[in-house]
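Novice: I need the structure of the sequence given here:
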Amino acid sequence: MFGLQSRHVDFTNAFAQSFLEEDLYMELPDGYNADRETHCFRLLRSLYGLRQSAMNWFQTISLTLQRIGLQQSKIDPCLFFNKGLIVVLYVDDMIIFHKEKKPIDELIKALSDEFPLTDEGDVTAYLGVEITRLDDGSMHLRQPSSIQKLLDLIGLDDSSNPCDTPAVVNPAPPKTGNSSSYSWSYPSAVGILLWLAFNTRPDIAFATSQAARYMCDPKQPHYNLVVRIARYLLGTKDKGMI
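Specialist: Residues are numbered from 1 along each chain as shown. Next up is the predicted model:
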């Protein structure tokens, strides 16, 4: 978001802020002085653990944002916008963008009148993505913690040799091969790679797509491909997208 002001908002106890539409009852908790055979609680609000809690909260916050004056995107229901305001919502985490600080402050004030929340200030991280504001107003997006998680899973460290590229000239490994000598989880490693490629590391997208083709029955060449990508990330851990 080049040149835009940003703020990170965290909603406190978000799921409990939405009312239930159906009748739900729960047993009395320990320490409550009443006969459990004849008494119970009727829930008025959602609780963490109810299967409908997440949907109830999303409907509640969506209706509130629309009532305040924001429009919900038809393509991405977690995106809201109006008059230069851009709001992105993921469960109880929200980031807000605008050219000026005042509209952001007004939106946060309106939301704080409805829900308990914490203003985290300028966005520095969101969903595992580190966000650094550069001098020219642009943002540098990185995921070093996710890369380190991958390296720890595979067993690579700073003493390992990095690679200059995520794959060889022809990255497509053979469909067959010997069973792998590695003990780490192939699906877990590829899952981390997909998350990185989708968010901040498009440079590994093609090699990762090749590795993802063999999730069901990976062989030694496929494990070697994942290790090659991980060694490339080892040498470019601080790289990202602007």
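
Novice: Secondary structure element for the residue nearest to Met215 when sequence neighbours are not counted, which one?
Specialist: If the residues on either side of it in the chain are set aside, Met215 comes closest to Pro187, at 5.5 Å by Cβ to Cβ, 6 or more residues apart in numbering. Backbone N, C-alpha and C define where each C-beta goes, glycine included. If you go by DSSP states H and E, Pro187 is part of helix 186-199.

Novice: roughly how far out does that helix sit from the chain middle?
Specialist: 13 Å (Cα atoms, centre = their mean, to the nearest Å).

Novice: how about it: buried residues?
Specialist: By neighbour count on 16 or more other Cβ atoms under 10 Å, the buried set for helix 186-199 is 186, 189-190, 192-197, 199.

Novice: Also stretch 160-169?
Specialist: 163, 166-167.

Novice: With stretch 201-209 instead?
Specialist: Within stretch 201-209, the residues scored as buried using 16+ other Cβ under 10 Å are 201, 203-204, 207-208.

Novice: do the same with stretch 130-137
Specialist: 130-131.

Novice: Would you mind checking the average pLDDT for it?
Specialist: For stretch 130-137, the mean per-residue pLDDT is 85.

Novice: same check, this time on stretch 148-159
Specialist: pLDDT averaged over stretch 148-159 gives 91.

Novice: now it, how far from the chain's geometric center?
Specialist: 22 Å.

Novice: can you put the buried residues of stretch 160-169 in JSON lines and add distance to Gly84?
Specialist: Output for the buried residues of stretch 160-169, formatted as JSON lines (distance: Cβ to Cβ, whole Å):
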{"residue": "Cys163", "distance to Gly84": "44"}
{"residue": "Pro166", "distance to Gly84": "38"}
{"residue": "Ala167", "distance to Gly84": "42"}
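
Novice: Out of these, flag the one nearest to Leu89.
Specialist: Proximity of the buried residues of stretch 160-169 to Leu89 (Cβ to Cβ) peaks at Pro166, which lies at 32.6 Å.

Novice: Contacts made by the helix or strand Gln66 falls within with the rest, please.
Specialist: In this structure, Gln66 sits in helix 53-68 according to DSSP H and E. Outside helix 53-68, the residues within contact range by Cβ atoms under 8 Å, 6 or more residues apart in numbering are 11, 14-15, 17-21, 46-47, 72, 77, 80, 87, 89, 91-92, 107, 110-111, 114-115.

Novice: next one: stretch 133-151
Specialist: Counting by Cβ under 8 Å, 6+ apart, 1-4, 122, 128-132, 157, 189, 192-193, 195-196, 199-201, 230, 233-234, 237-242 sit against stretch 133-151.

Novice: Helices of this protein, residue ranges please.
Specialist: 53-68, 101-112, 144-154, 186-199, 205-212, 220-235 (DSSP state H).

Novice: so where is the chain shaky, pLDDT-wise?
Specialist: The chain contains residues with pLDDT under 70 at 1-2, 170-177.

Novice: tell me, what residue is most central in it?
Specialist: Nearest to the mean C-alpha position of the chain, by Cα atoms, centre = their mean, lies Leu127 at 3.3 Å.

Novice: Could you tell me which residues make contact with that one?
Specialist: Applying Cβ under 8 Å, 6+ apart, we find Leu127 in contact with 90, 93.

Novice: Quickly note the distance from Ala167 to Asn178.
Specialist: Distance of Ala167 to Asn178, given as Cβ to Cβ, to the nearest Å: 20 Å.

Novice: Gly155 and Trp184 touch, don't they?
Specialist: Yes - taking Cβ atoms under 8 Å as the definition, Gly155 is a contact partner of Trp184 at 7.0 Å.

Novice: Of the two, give the one with the bigger neighbour count.
Specialist: Per other Cβ atoms under 10 Å, whichever of Gly155 and Trp184 has more neighbours is Trp184, with 15 against 12.
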